[in-house]
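Trainee: Curious how this folds, go ahead:
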Amino acid sequence: MAHTHEHNHGHSHRHGDLKGRNLLISIFLNILITAAQVVGGIISGSLALLSDALHNFSDVLSLIISYIANKLSGKKASTNKTFGYKRAEIIAAFVNAATLVVVAVLLIIEAIKRFQNPEEIGSNLVIWLALLGIIANGFSVLLIKKDADVNMNMKSAYLHLLTDMMASVAVLIGGVLMKFFGVFWIDSLLTLLIGVYLIYMGYDLLRSSTRVLMLFTPEDINIKKIVAAVVNIPSVKNMHHIHVWQLNEDEVHLEAHIDFEEDINLSEFDRILNTIEELLFHDFDINHVNIQPEFGKCDAKDVIVQD
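Mentor: Residues are numbered from 1 along each chain as shown. Predicted structure coming up:
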């Protein structure tokens, strides 16, 4: 027996279209920034500018992945894809977080190499291109900030853009210091700091998306409290063989076996099931419930049973 607390699909569709449009604008802006910074980095000799361009290129890839995932997540389920593509955005978040960390490690390695051999850098070009990066990424950040608060995929795109905007600020400061004080080693230091910050930002998202993909119990759900609450319902003897997992941003699923005190009829079970569903939805934010009813069945009664 299963139950779903439905959402407004019409609104979700319109919201998905808006997310898609905002992502497309951000993709276009980042392609422009990347091209400009690659050329500028080569001409000026700035590793920080090239590292910012590399990060921007990863932004383009991550935004394209996010856009595709956003489109896929709206596709309907079918007989051979019973969940549809609801996990596409979680996979996108995982890939984007992983690329963020990989890019960061590459930047740190390059920065350490450049520390040993600092080079003179054309600071004027660095300053102007850093300003371009700040303006374009800042606009992109504002476009998708609202969606980032409620969607893991959009959060991964948002983090890429936010960290790149901050990297551009750092490159701008470095460009000013190089222009007026001739401190060229600051370029390598900024690259190193950008890399460390990227790892810091990417780790949490990588961890949370991994938890969802591995079907771990959501961190804010306490299974012992669920069992205690359900067993408190009259006629319920025992709750066992429980699985709780998060399918995507909107859906948390629970399946379990429930032992009943008496050999109740089907209409009585439906009444109790409705009580359980409402309890799980309002107290634990679980919106998909699948219960297997039992009476006097000889099976393992542990809360968690290894399948």
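
Trainee: C-alpha only now, for contacts and for neighbours.
Mentor: OK.

Trainee: need the helices for the stretch 1-150 of the chain, in chain order.
Mentor: Remark: helices assigned in the stretch 1-150 of the chain by DSSP state H, counting those that start in this stretch are 9-44, 47-73, 88-115, 123-148.

Trainee: deepest of those, which one?
Mentor: Of all these, helix 47-73 carries the top mean neighbour count, a mean of 24, counting by mean count of other Cα atoms under 10 Å.

Trainee: which secondary structure elements does that one contact?
Mentor: Secondary-structure packing of helix 47-73 (3 or more Cα pairs under 8 Å, 6 or more residues apart in numbering; DSSP states H and E): helix 9-44, helix 88-115, helix 152-181, helix 186-213.

Trainee: So in the chain, which strand runs the longest?
Mentor: In terms of residue count, the longest strand belonging to the chain (DSSP state E) is strand 236-246.

Trainee: That strand packs against which elements?
Mentor: helix 223-231, strand 252-260.

Trainee: neighbouring contacts of that strand?
Mentor: For strand 236-246, the surrounding residues in contact (Cα atoms under 8 Å, 6 or more residues apart in numbering) are 212, 215-218, 227, 230-231, 252-261, 300-305.

Trainee: How is the protein divided into domains?
Mentor: 2-213, 223-294 (automatic domain parsing).

Trainee: Save those domains as JSON lines, and put in mean pLDDT too.
Mentor: What follows is these, written out as JSON lines (pLDDT from 0 to 100):
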{"stretch": "domain 2-213", "mean pLDDT": "81"}
{"stretch": "domain 223-294", "mean pLDDT": "95"}
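
Trainee: Skipping its backbone neighbours, what lies nearest the spatially most central residue of the chain in space?
Mentor: For the chain, residue 152 is the residue whose C-alpha lies nearest the centre (Cα atoms, centre = their mean; 3.0 Å). Nearest non-adjacent residue to residue 152, counting by Cα to Cα, 6 or more residues apart in numbering: residue 93, 6.1 Å away.

Trainee: can you tell me how far that neighbour sits from residue 212?
Mentor: In this view, residue 93 and residue 212 are 11 Å apart by Cα to Cα, to the nearest Å.

Trainee: With residue 80 instead?
Mentor: In terms of Cα to Cα, residue 80 sits 22 Å off from residue 212.

Trainee: Settle it for me: which of the two has more neighbours?
Mentor: residue 212 (20 against 7; other Cα atoms under 10 Å).

Trainee: and the closest residue to that one other than its chain neighbours, bridged to which residues?
Mentor: Leaving out its chain neighbours, the residue that sits closest to residue 212 by Cα to Cα, 6+ apart is residue 246, at 5.9 Å. For residue 246, the beta-bridge assignment (DSSP bridges) gives partners residue 252.

Trainee: neighbours around residue 246, how many?
Mentor: 21.

Trainee: okay but residue 143 is in contact with residue 22, surely?
Mentor: Yes - counting by Cα atoms under 8 Å, residue 143 sits close enough to residue 22 to count as a contact (6.0 Å).
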